[in-house]
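Visitor: return a 3D structure for these sequence lines:
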Amino acid sequence: MPAVPDGAAPRRAVGGRPLSAVLPGLPQLLAGRWGTGLTALLVWVGFLAVLLGRPERVRAALAGAWDEKLAVLTLLLGLAVSWIWSWRDVSRPVERGAVGVSQRALAVRAFSRNRTAVAGLMVIVAIYLVALITPLITPADPAAQGDLITERLVGMSARHWLGTDHYARDVLARMLYGARISLTIGFVAVGISVTLGTLIGAVAGFLGGWVDAVVMRFVDMVISFPRLVLLITIIAVFEPSIFLIVVVLGLTLWPSTARIVRGEILSLREREFVLAAEALGYSKRRIILKHLIPNALAPVIVAATLGIGNTIVLEAGLSFLGLGVQPPTPSWGTMVAAGRDYLLSAWWLSTFPGLAIVFTVLSFNLVGDGLRDALDPRLRT
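Guide: Numbering: from 1, shown residues only. This is a model prediction of the structure:
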């Protein structure tokens, strides 16, 4: 075996490349990297099965609506990315020890050792990928009604894997399309709230003085309102829609992020690199955007991850009360609400959407806890 030069990291065996060409992710699985290897393998096998198993639907989607074209693009990108990543990963240097390793690499390594967090991340990736390719795999039209006499409230069968509802619609198809609504609302609403909260908290923490006092009193006032009552009031005044739900959730969830960012900025603004930037005459906007916010993103990422799960629960609660996504558009909350009158006779109507909410929120919470442990050097082992 040839000697490895001093300071150079040894490389993985090149023999893994033929394996990655046949089955992406298999070399990583053989090396004991279960999280990344299993994710790449499942994406490759699953997407290839869809491409080969439903070629007619894939071809029809190319000329369909924008969500169908997005599904085909996701399918092709998933196949390409999983194969290319597995191929290149087998020849990457293997890191030994922590000398000269960046904080980002240490955080990734710590997160990958947290099995529950990795499992939660795999579930989230799977849910989002399935939601994106839903038009290619859904068994039926979510709004199509069957025969109300023979197909209404039919239990699980080979034709309807999760049964039908009181309008003879396929529950599995509605769950798959409902995942797109619930996940999109959670992701976009948290994106709005995190962006707004980060900017407000950074400005308040850096400027201090009366600006900090006014901003934080406004934050305290927003937090003091009962969030659910405020959401119900706003949505009840206007006509409920997906756009309104996203905007209202995004504009009411930012105060917690603002407080977190303000606390981080208060500790960062006295650091040497900030004082050096002020001495060089950099503008306040540049110091906030280029120096302070990037160094305060670790707790924001954790808060955003946990916030997506909470937002999904809030959206489901609003939909359950009839103030969220309006029928016939499916969402997990509306499906749970629609099945509450049939809990004894048709338990599957509310059970499966409820379990989807539980597992999705649990996965986001596991990832959030894993990120908190990985990004905090005091908790990292």
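
Visitor: lowest-confidence helix or strand of this structure?
Guide: Least confident helix or strand, the chain: helix 16-22 with a mean of 63, by mean pLDDT, DSSP states H and E.

Visitor: in the next helix or strand after that one, which residues are buried?
Guide: The helix or strand immediately downstream of helix 16-22 is helix 26-30, counting by DSSP states H and E. Counting neighbours by 16 or more other Cβ atoms under 10 Å, one finds that the buried residues in helix 26-30 are L26, P27, Q28, L29. (Each C-beta comes from the backbone N, C-alpha and C, glycine too.)

Visitor: which pLDDT value belongs to A13?
Guide: Note on A13: pLDDT of 42.

Visitor: remind me which residues of this structure are low pLDDT?
Guide: For the chain, applying pLDDT under 70 flags the ranges 1-22, 90-103, 376-381.

Visitor: and with 90 instead?
Guide: Scanning the chain for pLDDT under 90 picks out 1-72, 74-76, 78-128, 130-381.

Visitor: quick check: domain ranges of it?
Guide: Domain assignment for the chain by automatic domain parsing gives 16-93+101-137, 171-375.

Visitor: chain center to the shortest one: distance?
Guide: Once both centres are worked out by Cα atoms, centre = their mean, to the nearest Å, domain 16-93+101-137 turns out to sit 15 Å from its chain's centre.

Visitor: state the number of residues packed around D141.
Guide: 12 (other Cβ atoms under 10 Å).

Visitor: again, but for the one 10 residues further on
Guide: Applying other Cβ under 10 Å, we find 19 residues neighbouring E151.

Visitor: so what's it closest to, chain neighbours aside?
Guide: A168 (4.1 Å; Cβ to Cβ, 6 or more residues apart in numbering).

Visitor: one step back: put together a markdown table for the buried residues of helix 26-30, with distance to Q145 on each row.
Guide: Shown next, in a markdown table, are those (distance: Cβ to Cβ, whole Å):
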| residue | distance to Q145 |
| --- | --- |
| L26 | 44 |
| P27 | 48 |
| Q28 | 46 |
| L29 | 44 |
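
Visitor: and which of those is nearest G309?
Guide: Q28 (28.0 Å; Cβ to Cβ).

Visitor: pretty sure the closest one contacts D89?
Guide: Yes: counting by Cβ atoms under 8 Å, Q28 does reach D89; the two are 6.6 Å apart.

Visitor: and the residue nearest to E151, what element?
Guide: Under DSSP H and E, no helix or strand contains A168.

Visitor: got a list of what it touches?
Guide: Q145, G146, D147, L148, E151, R152, V154 (Cβ atoms under 8 Å, 6 or more residues apart in numbering).

Visitor: give me phi/psi at it?
Guide: phi 60, psi 30 (degrees, to the nearest 10).

Visitor: against T334, how distant is it?
Guide: To T334, A168 is 17 Å away according to Cβ to Cβ, to the nearest Å.

Visitor: could you point out which element follows the helix or strand where R259 lies?
Guide: Secondary structure from DSSP H and E places R259 in helix 254-268. Using DSSP H and E, the next helix or strand after helix 254-268 towards the C-terminus is helix 272-279.

Visitor: buried residues in that next one, which are they?
Guide: Buried, per 16+ other Cβ under 10 Å, within helix 272-279: V274, A277.

Visitor: give me the distance from that helix to the chain's centre.
Guide: Put simply, helix 272-279 sits 36 Å off its chain's centre (Cα atoms, centre = their mean).

Visitor: show me the contact partners of the very next helix or strand once past that helix.
Guide: Counting by DSSP H and E, the next helix or strand C-terminal to helix 272-279 is helix 284-286. Under the criterion Cβ under 8 Å, 6+ apart, residues F206, L207, A277 lie in contact with helix 284-286.

Visitor: and the gap between the first one and R217?
Guide: Read that as F206. 18 Å.

Visitor: higher neighbour count, the two?
Guide: F206 (21 against 10).

Visitor: of the contacts of A168, keep whichever come out buried.
Guide: The neighbour count (16+ other Cβ under 10 Å) marks G146, E151, R152, V154 as buried among those.

Visitor: can you tell me the SS state at the third one?
Guide: In other words, R152. Using DSSP: H, G, I helix; E, B strand; the rest coil, the structure places R152 in coil.

Visitor: check contacts around it.
Guide: G146, T164, H166, Y167, A168.
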